[in-house]
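**Q** the following comprises the amino acid sequence and a computationally predicted model.
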Amino acid sequence: MDTFDALDLISPIKKAIREEGYTTPSPVQAATIPAGLAGRDVLGCAQTGTGKTAAFALPILDLLGRQAPKTVSKRPLALVLAPTRELAIQISESFAAYGRHLPLKEVVIYGGVGQGRQAKAIADGVHIVIATPGRLIDLMQQELIYLNRLQCFVVDEADRMMDMGFLPDLKRIMKALPVRKQSLFFSATMPKKIVQLAEQLLHRPVSVDITPEKTNVELIDQRVIFAAFRQKKPLLAKLLTAGDVGQAIVFTRTRRGANAVAEYLRKAKIDAQPIHGNLSQNARQRVLDAFRADKVQVLVATDLASRGIDVDNISHVFNFELPAEAEAYVHRIGRTGRAGARGIAISLCSEDERPYLADIEKLIGFEILPDGREPEPLPKAAPSAGKTPGGKESQSENRPSKNRRRRRKGSRGRKPGADDKQTESSSDDAKRRPTAAERKSARNRRRRKRKDDE
């Protein structure tokens, strides 16, 4: 299959594909679309960036476009599950683009925003629902959506759903599905739990495995620079301003780290914005829209937020911190080198991250070579307090503090007398601080005394 025209798709979909500028299907599309059009279940091992959205969207649009069914309140005909809000929105945009010439209605539902508009759209009737598991469960519990009329069911990024703790929600959703349906199940990796879940869902599926890790890794120039953690921020700023960097994504392990790196880069006059789960949905979408429009040069992201980033022409990916899981590294660098283009991935590796680097190299099957550039040397540590650069203790080490000298000086000229006998009885009163009322009363007495003197 060399072109989309060779596929048995209805003409409105082919017209939309031509308008999008697509002519040749990707490997995952060429393997999945014919099986989907034949009504077969599909088990696909493919990561984001391989074109799998079209691989499941086109068969669904073709099926519903041929039937031209009427909508029924609260009962969609197709359901697509995605782990994150950003990915759900991007899938919805793809459905809208490929189905622009079809009279089909679709809605995307996700958490982090009010459910009013989403619930109303479902109540009015839609053909296709793209949802995150958490919000879908909420609507199901409120009886605002029913899945008994479903004809097509898609799970995208199943391994990430498991990492995010959505596996129980996914199982609950599967129990609410009708027995007769077409299911398409996609995951970037196939751990044992995902395989077991797929076996429960799918009936004699067509397996699609295009080994995306090797395909994408071979297209990406991967390098490593060894640097201490304190050297990483200045080194990153230097790399970003080297002149060969276009739009780039910087990955950190934590949300706090993403904020700190973005703030440092902005102080270095580099246009950078963080994106992570702590931002509101509207804020995350604004950042993504600005990045897609090339209004922001650098996106500083966590692994979780990165699954929703689908932007072409990203020249570089920087791993400010290496991920603890080697598979996450493959997902990260997959943001560049998309659609057959070449990309560059540079990892900043500290001494305690070398075991992570070894795991990554084991997964990808080769050693990541040094970049050749070196970080700025760390400043020499200042001599410790009380020691001279030669190692001798300074004369001030044993000198008492100024406060101690003042106390000693004040006690030298005082003669012992009757006041010393009262120390035991008056020590508690001397230590006790006056209350606010007592201080105010004292101020008033002083004012009255001044008036009397005048």
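**A** Received it, and whenever you're ready, just let me know what you need. Since the structure is predicted, the reported quantities are computational estimates derived from the model, not experimental observations. Residues are numbered from 1 along each chain as shown.

**Q** can you list the domains in the protein?
**A** For the chain, automatic domain parsing gives the domain ranges 4-210, 214-370.

**Q** can you list the ones you listed in CSV and add mean neighbour count?
**A** Any C-beta I mention is one placed from the backbone N, CA and C, and that applies to glycine too. Shown next, in CSV, are the domains of the chain (neighbours: other C-beta atoms under 10 Å):
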stretch, mean neighbour count
domain 4-210, 19
domain 214-370, 18
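
**Q** in TSV: those, plus mean pLDDT and distance to residue 451.
**A** Output for the domains of the chain, formatted as TSV (pLDDT from 0 to 100; distance: least, C-beta to C-beta, whole Å):
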stretch	mean pLDDT	distance to residue 451
domain 4-210	90	65
domain 214-370	85	57
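
**Q** the helix or strand containing residue 96 packs against which elements?
**A** Per DSSP states H and E, residue 96 falls inside helix 85-98. Packing contacts for helix 85-98, counted by 3 or more C-beta pairs under 8 Å, 6 or more residues apart in numbering; DSSP states H and E, involve helix 11-20, helix 52-67, strand 106-109, strand 128-131, helix 281-292.

**Q** closest one to residue 364 among those?
**A** Nearest to residue 364 among the helices and strands packed on helix 85-98 is helix 52-67 (20.9 Å), distances taken as C-beta to C-beta.

**Q** quick one: contacts of the helix or strand just after the closest one?
**A** Downstream of helix 52-67, the next assigned helix or strand under DSSP H and E is strand 78-81. Strand 78-81 is contacted from outside by 56, 60, 64, 88, 91, 127-133, 136, 147, 150-156, 161, 170, 173, using C-beta atoms under 8 Å, 6 or more residues apart in numbering.

**Q** how about 7 Å then?
**A** 60, 64, 91, 127-131, 133, 147, 150-156 (C-beta atoms under 7 Å, 6 or more residues apart in numbering).

**Q** kindly check the end-to-end length of stretch 267-276 for me.
**A** 20 Å (C-alpha to C-alpha, to the nearest Å).

**Q** on that earlier part again, now the helices and strands packed on helix 85-98 as CSV including distance to residue 363?
**A** Below are the helices and strands packed on helix 85-98 laid out as CSV (distance: least, C-beta to C-beta, whole Å):
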stretch, distance to residue 363
helix 11-20, 33
helix 52-67, 21
strand 106-109, 33
strand 128-131, 31
helix 281-292, 28
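
**Q** nearest to residue 445, out of these?
**A** Closest among these, using C-beta to C-beta: helix 281-292, at 57.7 Å.

**Q** what's downstream of that closest one, the next helix or strand?
**A** Sequence-wise, the next helix or strand downstream of helix 281-292 (DSSP H and E) is strand 298-301.

**Q** so what does that following strand touch, helix or strand wise?
**A** Applying 3 or more C-beta pairs under 7 Å, 6 or more residues apart in numbering; DSSP states H and E, we find strand 298-301 packed against strand 247-251, helix 255-267, strand 272-275.

**Q** in CSV: those, plus distance to residue 325.
**A** Below are the helices and strands packed on strand 298-301 laid out as CSV (distance: least, C-beta to C-beta, whole Å):
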stretch, distance to residue 325
strand 247-251, 12
helix 255-267, 16
strand 272-275, 20
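
**Q** so which of those gets nearest residue 96?
**A** From those, taking C-beta to C-beta, the stretch that ends up closest is strand 272-275, at 22.8 Å.

**Q** partner strands of that closest one, with direction?
**A** strand 298-301 (parallel) (DSSP bridges).

**Q** what secondary structure does the closest residue to residue 65 other than its chain neighbours sit in?
**A** Leaving out its chain neighbours, the residue that sits closest to residue 65 by C-beta to C-beta, 6 or more residues apart in numbering is residue 102, at 4.7 Å. Following DSSP: H, G, I helix; E, B strand; the rest coil, the label given to residue 102 is coil.

**Q** surely residue 102 touches residue 61?
**A** Yes - proximity of residue 102 to residue 61 meets the contact threshold set by C-beta atoms under 7 Å, at 6.3 Å.

**Q** need the longest helix for this protein.
**A** helix 436-453 (DSSP state H).

**Q** now it, how far from the chain's geometric center?
**A** Here the centre of helix 436-453 is set off from its chain's centre by 62 Å, with C-alpha atoms, centre = their mean, to the nearest Å.

**Q** for residue 364, give its distance to residue 371.
**A** For residue 364, the distance to residue 371 equals 17 Å [C-beta to C-beta, to the nearest Å].

**Q** residue 272 contacts residue 266, doesn't it?
**A** Yes - between residue 272 and residue 266 a contact is recorded at 5.7 Å, counting by C-beta under 7 Å.

**Q** look up how far residue 451 lies from the spatially closest residue to residue 434 that is not a sequence neighbour.
**A** Nearest residue to residue 434, sequence neighbours excluded (C-beta to C-beta, 6+ apart): residue 442, at 7.4 Å. For residue 442, the distance to residue 451 (C-beta to C-beta) stands at 15 Å.

**Q** more neighbours, these two?
**A** Legend: neighbour count by other C-beta atoms under 10 Å for residue 442 and residue 451, higher for residue 442 (11 against 8).

**Q** before we move on, back to that, of the helices and strands packed on helix 85-98, which is nearest residue 360?
**A** helix 52-67 (23.5 Å).

**Q** CA atoms only for the closest one, dumped as CSV, please.
**A** This file holds the C-alpha atoms of helix 52-67, laid out as CSV (Å, rounded to 0.1, in the frame of the first residue of the first chain):
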residue,chain,number,x,y,z
LYS,A,52,-1.3,5.9,15.1
THR,A,53,-4.0,8.5,15.7
ALA,A,54,-5.0,8.3,12.0
ALA,A,55,-4.6,4.6,12.2
PHE,A,56,-7.6,4.3,14.5
ALA,A,57,-9.5,7.5,13.5
LEU,A,58,-9.9,6.7,9.8
PRO,A,59,-11.5,3.3,10.3
ILE,A,60,-14.0,4.7,12.8
LEU,A,61,-14.9,7.7,10.6
ASP,A,62,-15.3,5.4,7.7
LEU,A,63,-17.6,3.1,9.6
LEU,A,64,-19.8,5.9,10.9
GLY,A,65,-19.7,7.8,7.7
ARG,A,66,-21.1,4.8,5.8
GLN,A,67,-23.8,4.3,8.3
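
**Q** and it, how far from the chain's centre?
**A** For helix 52-67, the distance from its own C-alpha centre to the chain's C-alpha centre is 29 Å (C-alpha atoms, centre = their mean).

**Q** ok, residue 355 - contacts?
**A** Taking C-beta under 7 Å, 6+ apart, one finds nothing in contact with residue 355.

**Q** surely it is within a strand?
**A** No - secondary structure of residue 355 (three-state DSSP): helix, not part of a strand.

**Q** give me the distance between the residue nearest to residue 65 and residue 17.
**A** 12 Å.

**Q** what's across from residue 108 in the sheet?
**A** With DSSP bridges as the rule, residue 108 is bridged to residue 130.

**Q** show me the contacts for it.
**A** Counted by C-beta under 7 Å, 6+ apart, residue 108 has contacts 88-89, 92, 130.

**Q** one more: residue 105?
**A** The neighbours of residue 105, taking C-beta under 7 Å, 6+ apart as the test, are 71, 125-127.
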